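[1] here is my input; please provide its structure:
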Amino acid sequence: MEALYLLIPLSVVVVFAALWIFFRAMDGGQFDDLEGPGMRILQDDDSAHPETEESQVHNKK
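    Model prediction:
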C-alpha cells in the first residue's frame with residue numbers, strides 16, 4: 001500500500017511529461033509530412049550531382 005503513494009504520483013508525472021513531449025513535437029512540425037520521406041526513397045534520382053572538393057581530390061590521385 002505504501003508503494004502506491006510513490007507510484008501514483010510518479011505515473012502521473014510520467015504521463016504529463018509524455019504528453020508535453022508529444023505536443024511539443026506537434027507544434028514543432030514533427031508530424032507534418034508523414035508520407036514524404038517514404039515516397040522520396042522510392043523515386044529514382046539518377047541526376048548527376050556536382051562533385052565536391054573531397055571527391056575531386058580523390059579523383060586527381
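
[2] how about the helices in this structure?
    2-27, 36-40, 53-60 (DSSP state H).

[3] mind putting those into CSV with mean pLDDT and mean neighbour count?
    Where C-beta positions appear, they are placed from N, C-alpha and C, glycine not excepted. Output for the helices of the chain, formatted as CSV (pLDDT from 0 to 100; neighbours: other CB atoms under 10 Å):
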stretch, mean pLDDT, mean neighbour count
helix 2-27, 96, 10
helix 36-40, 84, 9
helix 53-60, 63, 8
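
[4] for stretch 29-48, the distance to its chain's centre please.
    The chain centre lies 14 Å from the centre of stretch 29-48; the measure is CA atoms, centre = their mean, to the nearest Å.

[5] and if you look at stretch 26-45?
    With CA atoms, centre = their mean, you get 11 Å for stretch 26-45.

[6] so for that stretch, first residue to last residue, what's the gap.
    31 Å (CA to CA, to the nearest Å).

[7] what's in contact with it?
    With contact meaning CB atoms under 8 Å, 6 or more residues apart in numbering, stretch 26-45 is reached by A25.
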